[in-house]
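Colleague: compute the structure for the input listed below.
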Amino acid sequence: MVNPGTAIRLEKAGYAVYGMDYEGYGKSSGLQAYISTFDNVVNDCSDFFIDICESLSSGSFLCLKAIVESDNWRFASDEMVKPDENVNYQEEFITNSHGLKLFTCKWVPKRDEPKALIFICHGYAMECSITMSSTAIRFVKEGYAVYGIDYQGHGKSSGLHGYIEDFDSIVHDCSVHFSSICENEENKGKMRFLVGESMGGAVALLLHKKMPDYWHGAVLVAPMCKIADEMKPPAAVTYVLRGVSRLVPTWKSFNLTQDIIDLAFKRLLRGKP
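Modeller: Residues are numbered from 1 along each chain as shown. Predicted structure coming up:
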């Protein structure tokens, strides 16, 4: 399933995005999550995307486009939430122990009593209300209440964007907020689960380690817990960078003057790959 938060952001940047559920995934036919051969998945995508490119190409650009049905979505304070009569979405700012304002949000069933609580931990330089909204809504449709928080320096929370002075403070903020929700009268006795994606996987693991008997389980999605040995820079480079980070921790390694989306996506001139 295509992440609608990502698609909508690309559409706002002037792109159109096509998505496809592989066989056995999402709304496509086939045994759920079963891949008979990986080549079939690649061939299906290749045929579909090439058909789109050939039918929509124009001028000197090779276009890969996707349709985003904006009329089928509603926006609440800049984030996209797929309309559903049983999903109640709310936002709130809280203040942490350092006086920073942190953005929080929740997706809860409107009519039914949630059967359990799910707390989502987003990745580095991400946030919870847009990129995690489709995941949260699917959980609510299954009967769960879902809660999220933007870490300090992330999303709509206060702090220098992308800067993490102390990882323990992020874990502490999440622990305080999540446990306060669990201790609300209406939530007492309900099972509690963590869902962490990328760096959020590390946050979820540390939350569980902090109170191992408190949480009933955790789901880790591509958790960023360790840098693979083959991905590590040379030891000398690591030593220098650690020294620089201690001396000038907020120094920008790169001074970006353009929009990050414009830098991340390139247009290919036909015949000049």
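Colleague: what about the strands in the stretch 1-150 of the chain?
Modeller: Secondary structure of the stretch 1-150 of the chain by DSSP state E, counting those that start in this stretch: the strands cover 74-76, 79-81, 87-95, 101-109, 116-121, 145-149.
Colleague: quickly, which of those bottoms out on average pLDDT?
Modeller: For the strands of the stretch 1-150 of the chain, the weakest mean pLDDT is recorded on strand 74-76, namely a mean of 35.
Colleague: where in the chain is the helix or strand with the lowest mean pLDDT?
Modeller: When the helices and strands of the chain are scored by mean pLDDT, DSSP states H and E, strand 74-76 comes last with a mean of 35.
Colleague: of all the strands of the stretch 1-150 of the chain, which lies closest to residue 156?
Modeller: Within those, the stretch nearest residue 156 is strand 101-109; the backing value is 3.8 Å (C-beta to C-beta). For the C-beta atoms, the positions are set from N, CA and C on the backbone; glycine is no exception.
Colleague: what residues does that closest one touch?
Modeller: Strand 101-109 has contacts (C-beta atoms under 8 Å, 6 or more residues apart in numbering) with 79, 81, 86-96, 114, 127-129, 133, 136-137, 139-140, 143, 145-152, 155-158, 173, 177.
Colleague: any quick ChimeraX command for the buried ones out of those?
Modeller: To isolate the buried ones among the contacts of strand 101-109 in ChimeraX, judged by 16 or more other C-beta atoms under 10 Å, type:
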select :79,81,87,89,96,114,127,128,129,133,136,137,139,140,145,146,147,148,149,150,151,152,155,156,157,158,173,177
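Colleague: before we move on, the earlier item: out of the strands of the stretch 1-150 of the chain, which gets nearest to residue 19?
Modeller: Among the strands of the stretch 1-150 of the chain, the nearest to residue 19 by C-beta to C-beta is strand 79-81 (14.7 Å).
Colleague: show me where the protein has its helices.
Modeller: In the chain, the helices defined using DSSP state H lie at 4-12, 38-56, 133-141, 167-182, 199-210, 235-247, 260-264.
Colleague: would you format those helices as JSON lines with mean pLDDT and distance to residue 31 included?
Modeller: Listed next are the helices of the chain as JSON lines, based on pLDDT from 0 to 100; distance: least, C-beta to C-beta, whole Å:
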{"stretch": "helix 4-12", "mean pLDDT": "69", "distance to residue 31": "25"}
{"stretch": "helix 38-56", "mean pLDDT": "80", "distance to residue 31": "13"}
{"stretch": "helix 133-141", "mean pLDDT": "91", "distance to residue 31": "20"}
{"stretch": "helix 167-182", "mean pLDDT": "97", "distance to residue 31": "36"}
{"stretch": "helix 199-210", "mean pLDDT": "96", "distance to residue 31": "28"}
{"stretch": "helix 235-247", "mean pLDDT": "89", "distance to residue 31": "45"}
{"stretch": "helix 260-264", "mean pLDDT": "58", "distance to residue 31": "35"}
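Colleague: and residue 24, which of those is closest to it?
Modeller: Among the helices of the chain, the nearest to residue 24 by C-beta to C-beta is helix 38-56 (8.9 Å).
Colleague: could the C-alpha coordinates of the closest one be exported in PDB?
Modeller: The C-alpha coordinates for helix 38-56 follow below in PDB (Å, rounded to 0.1, in the frame of the first residue of the first chain):
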ATOM      1  CA  PHE A  38      10.200 -11.900  -6.600                       C
ATOM      2  CA  ASP A  39      10.600 -11.500 -10.400                       C
ATOM      3  CA  ASN A  40       6.800 -11.500 -10.800                       C
ATOM      4  CA  VAL A  41       6.500  -8.500  -8.500                       C
ATOM      5  CA  VAL A  42       9.300  -6.600 -10.400                       C
ATOM      6  CA  ASN A  43       7.700  -7.500 -13.800                       C
ATOM      7  CA  ASP A  44       4.200  -6.300 -12.700                       C
ATOM      8  CA  CYS A  45       5.600  -3.000 -11.500                       C
ATOM      9  CA  SER A  46       7.800  -2.600 -14.600                       C
ATOM     10  CA  ASP A  47       4.900  -3.200 -17.000                       C
ATOM     11  CA  PHE A  48       2.500  -0.900 -15.100                       C
ATOM     12  CA  PHE A  49       5.000   1.900 -14.700                       C
ATOM     13  CA  ILE A  50       6.200   1.700 -18.300                       C
ATOM     14  CA  ASP A  51       2.600   1.900 -19.600                       C
ATOM     15  CA  ILE A  52       2.100   5.000 -17.600                       C
ATOM     16  CA  CYS A  53       5.400   6.600 -18.800                       C
ATOM     17  CA  GLU A  54       4.600   5.900 -22.400                       C
ATOM     18  CA  SER A  55       1.000   7.200 -22.200                       C
ATOM     19  CA  LEU A  56       1.800  10.400 -20.200                       C
END
